[in-house]
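Asker: Please find the sequence and the predicted model below.
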Amino acid sequence: MATVDRSPAAGSGKPAPAGARRTTLAVVAHLAGVSVATVSKVVNGRSDVAPGTRSRVQELLRRHEYVAPVARRAQPAPLPTIEVQFAGDLKPYVAEALGGVVDAAGELGVAVVVSQPDRGPRWARDLVSTGRQALIAVTSVYTPAYLDALTQAGLPLVVLDPQHQPHSDVNSVGPTNFAGGFAATQHLLGLGHHRIAYLGGPAVAAANQARVHGYRAAMEAKKVPVPGAYVRSGEFTYETGMLGAAALLDLAEPPTAVFAANDEIALGVVETARTRGLRVPEDLSVVGFDDTLLARVASPPLTTVRQPLREMGGVALRTALRLAVGEKLESHHVELATELVVRASTAPI
């Protein structure tokens with residue numbers, strides 16, 4: 001049997017005082033002389049209630065300030081979560097690539113967690129247990145043990161601009177490094193330079209190899225010889241640019257132009273030239289690679305090969321999502337086109 005509120009307010013047609021029990025459907029049904037089901041129909045706007053009954057019930061609901069219980073709100077489904085890892089310092093190159101991942105995640109309603117690599121014994125399984133659905137590794141140097149851990153955990157991997165030649169079954173996103181190296185060298189040749197040097201990153205890095213091959217291909221196409229001392233490797237750092245430029249400028253026949261494997265190296269070249277009293281581009285033309293913020297704010301602004309870092313980040317995020325839901329990809333490796341951006345660090349010889 002329904003419990004009826006027999007307080008004075010319930011029988012008087014007046015609202016219950018503050019602190020009184022909340023008016024229920026049973027109370028209104030009792031006062032109106034109808035069933036609880038009928039009152040419920042009125043509350044929910046059902047049409048199968050006689051007009052007179054509806055008016056009487058609505059009046060009682062109003063007088064007794066009936067408030068429907070708050071419906072249990074459905075909890076939103078958790079957002080898909082992608083882990084993004086990078087090693088070392090957060091350099092402009094990495095920051096722009098991460099920005100592309102985050103932009104795409106915002107558009108697609110995806111959560112992104114950015115971290116430094118953790119190589120504990122259960123690192124991959126720990127990522128899965130905390131809800132990660134795929135991993136994007138930025139310029140990661142992966143090992144067989146790294147790949148095995150991800151395979152055993154069932155965590156898909158996308159490498160963004162891999163340092164080494166991707167394994168046949170590793171999914172990756174990168175730029176057209178060879179084409180970029182070719183375009184940079186063609187630009188310098190078109191300005192009349194023949195003594196063009198190349199300052200690169202690690203000799204074993206896939207990106208460095210492709211860029212130096214593009215450089216050599218452009219030189220060979222114009223039948224311009226490349227002295228062995230004109231090609232140097234190091235790290236993708238400012239210091240490599242400074243030291244490499246010093247060695248090049250000490251040669252008996254120094255270059256009149258330098259193609260650097262990234263913007264940091266290029267800026268190191270510019271600084272060494274400055275300390276030697278050389279002007280860029282009047283005495284030495286310099287081309288970089290990446291087109292990060294560094295290239296745009298340099299003095300002079302740097303001619304460089306733009307690799308679409310933000311777009312690459314977006315493609316990596318979308319690829320990771322496809323892998324997370326078990327989609328089959330058309331290709332394990334995606335390359336996005338580079339573009340030469342001419343600024344003030346190059347000039348005719």
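Answerer: Received, thanks.
Asker: Extract the CA atoms of stretch 47-65 and return them as PDB.
Answerer: Extracted in PDB, the C-alpha atoms of stretch 47-65 (Å, rounded to 0.1, in the frame of the first residue of the first chain):
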ATOM      1  CA  SER A  47      -1.900  12.200 -24.100                       C
ATOM      2  CA  ASP A  48      -4.100   9.300 -22.800                       C
ATOM      3  CA  VAL A  49      -5.500  11.200 -19.800                       C
ATOM      4  CA  ALA A  50      -8.900  12.900 -19.700                       C
ATOM      5  CA  PRO A  51      -8.700  16.700 -19.900                       C
ATOM      6  CA  GLY A  52     -10.500  17.300 -16.600                       C
ATOM      7  CA  THR A  53      -8.300  14.800 -14.800                       C
ATOM      8  CA  ARG A  54      -5.200  16.200 -16.300                       C
ATOM      9  CA  SER A  55      -6.100  19.800 -15.200                       C
ATOM     10  CA  ARG A  56      -6.800  18.600 -11.600                       C
ATOM     11  CA  VAL A  57      -3.500  16.700 -11.400                       C
ATOM     12  CA  GLN A  58      -1.500  19.500 -12.800                       C
ATOM     13  CA  GLU A  59      -3.000  21.900 -10.300                       C
ATOM     14  CA  LEU A  60      -2.100  19.700  -7.400                       C
ATOM     15  CA  LEU A  61       1.400  19.200  -8.800                       C
ATOM     16  CA  ARG A  62       1.800  23.000  -8.900                       C
ATOM     17  CA  ARG A  63       0.400  23.600  -5.500                       C
ATOM     18  CA  HIS A  64       2.500  21.000  -3.800                       C
ATOM     19  CA  GLU A  65       5.600  22.100  -5.800                       C
END
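Asker: What residues of that stretch count as buried?
Answerer: Under the neighbour-count criterion of 16 or more other C-beta atoms under 10 Å, stretch 47-65 has Val49, Thr53, Arg54, Arg56, Val57, Gln58, Leu60, Leu61, Arg63, His64 buried. All C-beta spots, glycine's among them, are computed from the backbone N, C-alpha and C.
Asker: Show me these that map onto helices.
Answerer: Thr53, Arg54, Arg56, Val57, Gln58, Leu60, Leu61, Arg63 (DSSP state H).
Asker: mind listing what the fifth one touches?
Answerer: In this structure, Gln58 makes contact with Val42, judged by C-beta atoms under 8 Å, 6 or more residues apart in numbering.
Asker: what residue ranges in the protein score low on pLDDT?
Answerer: Across the chain, the ranges flagged by pLDDT under 70 are 1-22, 70-77, 141, 165-166.
Asker: which residues does Val112 bridge with?
Answerer: Ile82 (DSSP bridges).
Asker: doesn't Gly100 make contact with it?
Answerer: No: counting by C-beta atoms under 8 Å, Val112 sits too far from Gly100 to count as a contact (11.0 Å).
Asker: Could you tell me which residues touch both of these two?
Answerer: Common contacts of Val112 and Gly100, defined by C-beta under 8 Å, 6+ apart, comprise Leu317.
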